[in-house]
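Colleague: Sequence first, predicted model second:
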Amino acid sequence: MKRMDIRAGAALFASLGMAAMPAAAQSAADISLTRLDCGKTTTVADVSRFSDVAAFPGLKIQLTFSCYLVKHGNDYLVWDAGNPAATPDKTLPTSPASSLVEQLAQLKLTPAQITYVGISHYHGDHVGQVASFPQATLLIGKGDWDALTDAKPIAAANPANFAHWISGGGKVEPQSGDKDVFGDGSVIMLNTPGHTPGHHSLLVKLKETGNMLISGDLAHFRENYDGNGVPTFNTSRAETLASLDRFKKLAANLKATVIIQHDARDIDKLPAFPASAK
Ligand SMILES: [Zn+2]
């Protein structure tokens with residue numbers, strides 16, 4: 001019996017050691033994080049509707065639209081696909097000055113080099129250019145994927161942008177929990193539902209700059225993040241509060257820098273494009 005216990009203990013120790021390996025092994029890949037412009041940043045918005053407890057009557061905040069590129073060795077993740085880019089026949093008030101494809105070209109990257117396109121959630125200002133990456137594997141929360149593929153999609157979802165994947169033409173991996181994107185613990189899509197059913201945020205562990213937590217729309221601006229605010233248009237108040245609790249505890253324990261994607265005041269937490277944080 002005693003010998004068995006020692007063996008079991010050794011096996012447990014070995015398995016814990018194995019479980020800890022990916023985090024330790026992350027030094028292998030060269031990782032960097034670049035912010036991409038995903039929409040006009042001139043909007044000063046009345047944010048009253050971002051609080052279901054009327055916390056911000058008449059408050060106006062400079063909102064922005066940001067997307068991100070994560071380089072991991074020779075693989076790339078584009079995080080969120082922003083507002084639709086201008087086309088020869090159509091420019092929306094929120095169209096970015098240059099498309100994601102044009103910005104990637106400045107980094108000498110083609111859409112075919114993008115391994116994954118990760119989408120925080122199905123709203124139009126996060127999915128506008130997803131179709132520019134047909135060869136990428138689509139990573140999206142299962143709750144949002146289910147909404148996009150529903151026979152009668154809700155108005156807030158944008159299935160037309162995902163036609164390539166919905167039709168079976170592209171590879172999609174719907175996520176019901178967290179997703180360790182590159183398998184070494186360095187880049188993790190975090191399951192943070194509430195804004196939408198399958199909403200995700202992103203953790204990127206940079207070697208020099210440290211851990212970065214990118215919000216998705218878990219919060220849209222600092223005042224709502226600090227006060228655990230819930231927008232009137234979220235799909236679940238309870239899930240939003242639980243997700244904020246998780247995200248904040250992660251940020252504290254990992255000593256992470258939090259970047260709120262829509263808050264223009266968070267922009268300079270990363271170097272200006274085309275520079276990246278490593
Ligand atoms: Zn948004």
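Modeller: Yes, it's here.
Colleague: Name the nearest residue to Ser176, sequence neighbours excluded.
Modeller: Nearest in space to Ser176, with sequence neighbours left out and distances taken as CB to CB, 6 or more residues apart in numbering, is Lys142 at 4.3 Å. Where C-beta positions appear, they are placed from N, C-alpha and C, glycine not excepted.
Colleague: contacting residues for that neighbour?
Modeller: With contact taken as CB atoms under 8 Å, 6 or more residues apart in numbering, Lys142 is in contact with 174-176, 198.
Colleague: and the stretch 1-150 of the chain, which residues reach the ion?
Modeller: Residues of the stretch 1-150 of the chain lying near the ion by CB under 5 Å from the ion: Asp125.
Colleague: all helices of the stretch 1-150 of the chain, in order?
Modeller: 2-24, 100-106, 124-127, 142-148 (DSSP state H, counting those that start in this stretch).
Colleague: weakest of the ones you listed in terms of mean pLDDT?
Modeller: Among the helices of the stretch 1-150 of the chain, helix 2-24 has the lowest mean pLDDT, at a mean of 45.
Colleague: count of residues packed around the residue of the stretch 51-200 of the chain at minimum distance from the ion?
Modeller: Of the residues in the stretch 51-200 of the chain, the one nearest the ion is Asp125, at a distance of 4.5 Å by CB to the ion. Other residues lying near Asp125 total 20 when counted by other CB atoms under 10 Å.
Colleague: I'd like to check which residues are in contact with the closest residue to it other than its chain neighbours.
Modeller: Setting aside the residues directly before and after it, Asp125 is nearest to Asn83 in space (CB to CB, 6+ apart), at 5.2 Å. Asn83 makes contacts with 38-40, 65, 92, 94-96, 124-125, 128-129, as judged by CB under 8 Å, 6+ apart.
Colleague: repeat that for 7 Å
Modeller: 38-39, 65, 92, 94-96, 125, 128 (CB atoms under 7 Å, 6 or more residues apart in numbering).
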